[in-house]
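Below are the sequence and a predicted model; questions follow.
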Amino acid sequence: MIIRPARNILGALRLPGDKSISHRYAMLAGIAAGTTRLRNFSTGADCASTVGCMRQLGCTVRDENAVLEITGREPLQEPAESLDCGNSGSTMRMLSGILAGHKFPCDLHGDESLSRRPMGRIITPLRLMGAEIAAFANDRPPLHIKGGKLRGIEYKTPIASAQVKSAVLFAGIFAEGATAVEEPYRTRDHSEQALRAFGAELTRSRARVSLRGEQKLHAIEASVPGDISSAAFFLCAAALFPDSNLVIEDLLLNPTRASLLDILKMLGTRISVINLEERHGELAGTVKVEYAQLSGITIEGGQSVALIDELPVLAAIAPYTRDGIEIRDAKELRVKESDRISLVARNLRAMGAECQEHEDGLSVPGGQRLHGASIDSGGDHRIAMAFSIAALRADGDSEILGADSARISFPEFFTMLEGVVER
């Protein structure tokens, strides 16, 4: 994909459904009584992997007239073949929690990228609950799970991970007694909101959430708000050009996910929110973003946890700020679909920027000019999209290698981007 420099970002967008919510709704629909109907379900390949796995587990799935219908079954059936999670760590980790509560054995595998991602973080708590789980060398996929009778546990996660929390809570649905998860930093709460929407009772106290076991779930009807992690690329693009004016409608504004808006405001971007509403515990609204001179910021601690998906694009636009952006406490970026810290640094340097790579983040000075370059996405969708935004203000054209990786989360990205770029 060739990205040419832009003059402005103008227009209005309505984005495909949030990926995180779509994953969770599809999984819980598969174990809920009745038929769940979902509008604006994510169009990404990762969420398609989740739906495919639920189909393999015996759920009836129909996708007609822009409504995804999933009829749950109790219990799920033993799959005839290994469950294909594709590139989706969310699918493998969270679905493992549900499978831990079923008595049949099954295998889960993924593509080359997923096969390098660590699974010990979910294996440890699920084993404590009574499931049998085996992994490949160094706790990497594929996984073999034989579930059964589970017991509730009190688990303190060594890392802040919504996927780990979700896997334990999903297993807790089937466990005897209560299950509680305590995190070092509070992570996105889509699993808690989704469980409540499907009829489960939970309690929360700061960074601790608990769930009573052996609860029954019931089908819902829902419209998934637009994906805010996908919106991040457009919001950052609009922040780069003096005459930009961009509106994004029906966008997810969950407080545990909307930290990007706070960061952009702190950098100086003018952002307004209208038409705010709540659906199944999730906030959604219309966001308008306009240019203002970007200053600089340090992102660390809980902010880095909350912004883990948006950090690559913030780093990619950091050279265009006045004072630069420093990112710390984000070591998790090294075990995503790629080593995102290393790839961001490499591609910034390819575009002529100075930056310093840390074990847990990056320091990118501001006030720099970038030139067009050949960008190595490493097959990582967020790197491909992040540097497409950086390329819009570079001098000269840039080539994004592996641009088709965007289909993992956002197949429409390049078409939508072209629709709001003014040249």
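Sure thing, it's come through.

For Gln368, list the residues it contacts.
Gln368 makes contact with 319-320, 352-354, according to Cβ atoms under 8 Å, 6 or more residues apart in numbering. From N, CA and C alone the C-beta is placed, and that goes for glycine too.

Going along the chain, name the helices of the stretch 201-350 of the chain.
228-238, 259-267, 302-306, 311-317, 340-350 (DSSP state H, counting those that start in this stretch).

Which among the ones you listed is found nearest to Ile327?
helix 311-317 (5.7 Å; Cβ to Cβ).

From the rest of the structure, what touches the closest one?
By Cβ under 8 Å, 6+ apart, helix 311-317 touches 232-233, 236, 239-240, 260, 263, 294, 299, 304, 307, 325, 327, 330, 333, 340, 344, 347-348, 355, 362, 364, 382-383, 385-387, 389-390.

What's the local residue count around the nearest residue to Gly324 once chain neighbours are set aside?
Counting by Cβ to Cβ, 6 or more residues apart in numbering, Gly324 lies nearest to Gly366, which is 3.8 Å off, once chain neighbours are set aside. Using other Cβ atoms under 10 Å, Gly366 has 15 other residues around it.

List the contacts of Gly366.
Gly366 neighbours (Cβ under 8 Å, 6+ apart): 294, 296, 318-325.

thinking again about what came up before, taking the contacts of Gln368 together, which two end up most distant?
It's Tyr320 and Glu354 that sit farthest apart of the contacts of Gln368, by Cβ to Cβ, at 13.3 Å.

Domain-wise, how is the protein divided?
2-16+225-422, 19-223 (automatic domain parsing).

Could you report the separation of Thr91 from Ile228?
Using Cβ to Cβ, to the nearest Å, one gets 20 Å for the distance from Thr91 to Ile228.

Just want to know which of the two has more residues nearby.
Counting neighbours by other Cβ under 10 Å for Thr91 and for Ile228 shows that Thr91 has the greater number, 29 against 26.

could you pull out the strands for the stretch 201-350 of the chain?
202-205, 208-212, 221-223, 245-252, 270-279, 282-290, 296-299, 324-327 (DSSP state E, counting those that start in this stretch).

could the ones you listed go into JSON lines alongside distance to Ala403 and mean pLDDT?
Shown next, in JSON lines, are the strands of the stretch 201-350 of the chain (distance: least, Cβ to Cβ, whole Å; pLDDT from 0 to 100):
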{"stretch": "strand 202-205", "distance to Ala403": "40", "mean pLDDT": "94"}
{"stretch": "strand 208-212", "distance to Ala403": "38", "mean pLDDT": "97"}
{"stretch": "strand 221-223", "distance to Ala403": "30", "mean pLDDT": "98"}
{"stretch": "strand 245-252", "distance to Ala403": "22", "mean pLDDT": "97"}
{"stretch": "strand 270-279", "distance to Ala403": "28", "mean pLDDT": "95"}
{"stretch": "strand 282-290", "distance to Ala403": "24", "mean pLDDT": "97"}
{"stretch": "strand 296-299", "distance to Ala403": "26", "mean pLDDT": "98"}
{"stretch": "strand 324-327", "distance to Ala403": "24", "mean pLDDT": "98"}
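
could the ones you listed go into TSV alongside distance to Gly97?
Converted to TSV, the strands of the stretch 201-350 of the chain look like this (distance: least, Cβ to Cβ, whole Å):
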stretch	distance to Gly97
strand 202-205	15
strand 208-212	11
strand 221-223	21
strand 245-252	23
strand 270-279	24
strand 282-290	21
strand 296-299	30
strand 324-327	30
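
ranking the ones you listed by burial, who's on top?
strand 324-327 (a mean of 24; mean count of other Cβ atoms under 10 Å).

of all the contacts of Gln368, which comes closest to Ile274?
Out of those, the member with the shortest distance to Ile274 (by Cβ to Cβ) is Tyr320, at 27.5 Å.

and that closest one, what does it touch?
240, 294, 366, 368, 370, 390, 393.

In those, which residue is surrounded by the most others?
Ala390 (29 neighbours).

Would you confirm that that residue contacts Gly372?
No - Ala390 lies out of contact with Gly372 (Cβ atoms under 8 Å); the separation is 10.1 Å.
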